[in-house]
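Trainee: Would you be able to build a 3D model of this:
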Amino acid sequence: MTTTDAPAPQRRVGVPPVSMATKEVPVATTDAPAPQRRARHAHLFVTHLDAWSVMKNAFMMAIAIGIVMMVAVTIIWWMLSVSGTLEAVNQTLTDLLGSGTSSVDVKGLLSFSRIVGITAMLAGLEVVLVTALTTLFAYLYNLAVGITGGLQVTLTDDS
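Mentor: Purely as a prediction, here's the structure:
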């Protein structure tokens with residue numbers, strides 16, 4: 001073999017020299033376990049809650065809870081009526097308290113329209129209170145963040 005006088009290759013700073021030697025690279029087999037990826041974490045702080053956004057979301061949640069309350073009371077009243085429980089309670093109270101001339105009308109007190117009306121009033125009160133209190137708490141949270149530093153939230157990427 002003959003050698004020629006070729007200029008030495010220029011080397012960049014911070015870059016390791018390139019080796020021309022060949023290495024045998026082992027081939028991964030299916031028996032070897034895959035390397036474990038580490039989950040990435042991001043630590044964030046919630047330092048401000050927009051009161052308007054909190055109010056809108058709380059209002060929608062309270063409306064949903066009110067609807068669920070109305071449906072649940074309607075179903076429970078229907079089940080009690082169909083099963084004869086209201087008549088049984090009415091008869092029991094009439095036997096215990098009534099003395100022939102006076103009778104207790106539990107079925108009239110627990111009529112469907114009265115129960116649904118009371119539930120609708122409670123659902124409306126619940127909507128107003130939940131919306132107002134969550135908005136107030138968002139405002140108080142924004143005031144307290146200056147002292148406490150906020151709520152720390154950790155986000156994790158497990159993939």
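
Trainee: Report the mean per-residue pLDDT for the helix ranked longest in the chain.
Mentor: Counting by DSSP state H, the longest helix found in the chain is helix 112-148. What helix 112-148 shows for mean pLDDT is 95.

Trainee: now stretch 53-68
Mentor: The model assigns stretch 53-68 a mean pLDDT of 97.

Trainee: In that stretch, which residues have enough neighbours to count as buried?
Mentor: Val54, Met55, Ala58, Phe59, Ala62, Gly66 (16 or more other C-beta atoms under 10 Å). To be clear about C-beta, it is placed using only N, CA and C from the backbone, and glycine gets the same treatment.

Trainee: Would you agree Leu110 is in contact with Thr85?
Mentor: No - between Leu110 and Thr85 there is no contact under C-beta atoms under 8 Å: 9.9 Å.

Trainee: between the two, which one's more packed in?
Mentor: For the pair Leu110 and Thr85, the greater number of neighbours falls to Leu110 (16 against 12), based on other C-beta atoms under 10 Å.
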